[in-house]
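Colleague: quick one, structure for this:
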Amino acid sequence: MSELDNLQNADGKKEMETENVSATENNQDADNATSEVTETTVENENSTDTEVTSSETKTEEIDNTSDEVKEDITEENTTEAEEKKDAHVDEIDEANAEDAEDESNVERHTLESKDYHAMSMDALVKEFDALLNQHKVQNIRSQVSDIKSEFKSKFDELLEEKKEEFINDGGNEIDFHFSTPTRKQFNDLYKTYRNNLNSYYKNREASLKENLEKRLAIIEEIKGLINVEENINTTYNHFKELQEQWRNAGPIPRDKYNNAWNSYHHHVEIFYDFLHLNRDLRDMDFKHNLEKKTKIIEQAEELAKDDNVNRAFRELQVLHKLWKEELGPVAKEHREEIWERFSTATKAIHDKRQAYYADLDKAYEVNLEKKEEIIGKIDAIAQDQPKNHQGWQKQIKEVESLRQDFFNAGKVPLKANEATWTKFKTTVRAFNRNKNAYYKNLKKSQYDNLKKKQELIKIAEDNKDSEDFEATTPLMKKIQSDWKTIGHVPRKDSDKIWKQFKKACNHYFDRLHAERNAANEEEMEAFQKKSELLDGVKALSLSGKPKEDIETIKDQINSWKALGSVPRNKRFIEKKFHTAIDELFNKLDMDKAKLEMIKFENKLETLAKPEDTSLLDNEQNFIRKKIKDIKGEINQLENNMQFFTNVDESNPLVKEVIKNVKKHKDELQVWKDKLKKVKSMY
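Modeller: Presented below is the predicted three-dimensional model:
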């Protein structure tokens, strides 16, 4: 029995003869349907039927209206032509069966399926992630399937391209491996999707099974009502309670849905036939059901006028669900009429929907023509092989633009989709092979250039933190100039090494500029303060007490040193300060030798720098040379004295020589003291 016949049975369009339930072919079909749902044996089903026929009292009572029931037996023998006539409801039955398993499944009808073919791999991953986070996992199967198919096709194309490049570069095919972060992200999302889907079905399984058992038990109770010897009103009330239990029994597995409902309606009809003993109860239900079904038909007829065919189809599903699940049969004289009317409205919506998809197919045919044209253009480009880099770059841009046009051209008929995609990939691959063959010959020089640029990167990174700006700045400028003279490197490395080189150079010059800016500000501030201090030194009055005056002068010197360096073009102020300090020292009333040492100690403090001893080294070398020169002078004078061995010391000439020797020896001692002082500064 087809799903259409089952729906008609639920309608009350056909009745079963209860006196000979197991005798007719159609009743055997109904029992077989029940047997499939309940998973019980045929023997159990037949035993129930035997119980029905074995009740003599009930059989006799039903026999009184057998003529009325028998008139409907011929209606059960639905022809194949009738099945085909109402085939438009099959799709609705299947959709309702799926929705009945979980009410939230209805979301799948309104969930948008985008043009995934036009999306990049990154966009597909982003869309996949959004679906997982924003929708129930059981409702996105269609979208996930399309996304998976598109992602695989695009990644396979990229994989083939990378594999060819690897082999062209001399690699062994067996060693080839390629993946991307996007691929890994997609795999992680798909794993999450599968786990969530499995978890959903696992959690639903127990509940669906339990609800199915409840419904099967209700069917069994309804079947047994015609064998209960009690007041008909009591039996009718019990029947109504069972109907209410059925409505609240919850969802069941979709593959059991239609058979369960058909079995339920089959035995509901049998019970209503049994109710001929109390026509008032039956006729009241028939009247109620007729009114409700008439309203449903009117709504369906209005839906047939809706231009939004998908919305009309979804709302029609709801009406079929109400017809099947909420309402019982109507009086026999109305059954054929209302079913035909409902079926006609259903067919009108179905036909509009089919016409809508036929128009879509025509649009897909236009898209197919566009894609065929694009493939032809790519093929023509692949046949024309440029002789230089500029020509190839132009063609690469053209092919990339055509590839994007191909993806944006829209869907094609399903039957042509695979062939079109294969032809597109083959044509693009032919272009890529020619391109790779050309650039393979350029790669040797490019790798040499890569090595040269990597050497410049190393120099830049080794010197980017140098504090010797004076020596490093010319070097950094030179390697920047050298970089420009080196030719192309492999495309896959170009951006990477440029960013690396640029980062190191920018790091150095940012430091240089910051240092100069900061130094300029500080040095100008120091110059202003030193100018003010110099004016104070020039106006300074000494107390006449050497010890106190020396401390005063040293305080001025320390204050000057604490102010730091001044700009290069302002260093003349240092000489002015030292001149002013010397003038203060000269005003002191004290031994000249001691005064000289005090001035020298002040000088050493200026020269002493913890990080640089070069100035002290120069001073020490100068002092050593000075000591050597003085010793030479003394030796020369003492040698001259030998010419005056017989001359009295009172001789003016002798006196002058002796005086000079003493002067040089005193001076020598001062320089020796200076040398000792210099050594103590290390």
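Colleague: what's the burial count for residue 678?
Modeller: When neighbours are counted by other Cβ atoms under 10 Å, residue 678 registers 21. C-beta coordinates here come from the backbone N, C-alpha and C atoms, glycine included.
Colleague: mind listing what it touches?
Modeller: By Cβ atoms under 8 Å, 6 or more residues apart in numbering, the residues touching residue 678 are 604, 616, 619-620, 623.
Colleague: what is the host helix or strand of residue 235 packed up against?
Modeller: Following DSSP states H and E, one finds residue 235 within helix 232-247. Applying 3 or more Cβ pairs under 8 Å, 6 or more residues apart in numbering; DSSP states H and E, one finds that helix 232-247 contacts helix 181-224, helix 254-274, helix 279-303.
Colleague: one more time with 7 Å, if that's ok
Modeller: Helices and strands touching helix 232-247, by 3 or more Cβ pairs under 7 Å, 6 or more residues apart in numbering; DSSP states H and E, are helix 181-224.
Colleague: that older thread, okay, the contacts of residue 678 in TSV with secondary structure and neighbour count next?
Modeller: Shown next, in TSV, are the contacts of residue 678 (DSSP: H, G, I helix; E, B strand; the rest coil; neighbours: other Cβ atoms under 10 Å):
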residue	secondary structure	neighbour count
604	helix	16
616	helix	17
619	helix	20
620	helix	17
623	helix	20
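Colleague: need the residues you listed in TSV (columns: distance to residue 274 and pLDDT).
Modeller: Shown next, in TSV, are the contacts of residue 678 (distance: Cβ to Cβ, whole Å; pLDDT from 0 to 100):
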residue	distance to residue 274	pLDDT
604	128	75
616	125	81
619	129	84
620	130	85
623	135	89
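Colleague: with distance to residue 398 added, can I get the residues you listed in a markdown table?
Modeller: Shown next, in a markdown table, are those (distance: Cβ to Cβ, whole Å):
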| residue | distance to residue 398 |
| --- | --- |
| 604 | 77 |
| 616 | 72 |
| 619 | 74 |
| 620 | 76 |
| 623 | 80 |
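Colleague: if we can go back for a sec, any buried residues in the helix holding residue 235, and which?
Modeller: By 16 or more other Cβ atoms under 10 Å, the buried positions in helix 232-247 come out as 235-236, 239, 242-243, 246.
Colleague: show me which of the contacts of residue 678 is closest to residue 292.
Modeller: residue 616 (111.7 Å; Cβ to Cβ).
Colleague: pretty sure residue 113 contacts residue 145?
Modeller: No: judged on Cβ atoms under 7 Å, residue 113 makes no contact with residue 145 at a distance of 9.9 Å.
Colleague: quick one: pLDDT of the most centrally placed residue in the chain?
Modeller: The centre of the chain sits closest to residue 126, judged by Cα atoms, centre = their mean, with a distance of 5.6 Å. Per-residue pLDDT puts residue 126 at 94.
Colleague: what about this protein, any weak spots by pLDDT?
Modeller: Applying pLDDT under 70 to the chain picks out residues 1-87, 89-93, 95-110, 169-170, 275-279, 281, 518-519, 609-610, 644-647.
Colleague: longest single helix anywhere in it?
Modeller: When the chain is parsed with DSSP state H, its longest helix is helix 332-383.
Colleague: check which helices and strands that one sits against.
Modeller: Against helix 332-383 (3+ Cβ pairs under 7 Å, 6+ apart) you get helix 3-11, helix 279-303, helix 309-325, helix 389-408, helix 414-463.
Colleague: of the ones you listed, which approaches residue 581 most closely?
Modeller: The nearest among the helices and strands packed on helix 332-383, by Cβ to Cβ, is helix 414-463 at 40.5 Å.
Colleague: what distance separates that closest one from the centre of its chain?
Modeller: Offset of helix 414-463 from its chain centre (Cα atoms, centre = their mean, to the nearest Å): 26 Å.
Colleague: what does the helix or strand just after it contact?
Modeller: Proceeding N to C from helix 414-463, the next assigned helix or strand is helix 469-485, under DSSP H and E. If you take Cβ atoms under 7 Å, 6 or more residues apart in numbering as the criterion, helix 469-485 is touched by 453, 456, 459-460, 463, 466, 501, 505, 508, 512, 515.
Colleague: quick one: buried ones out of those residues?
Modeller: Among the contacts of helix 469-485, those buried by neighbour count (16+ other Cβ under 10 Å) are 453, 456, 459-460, 463, 501, 505, 508.
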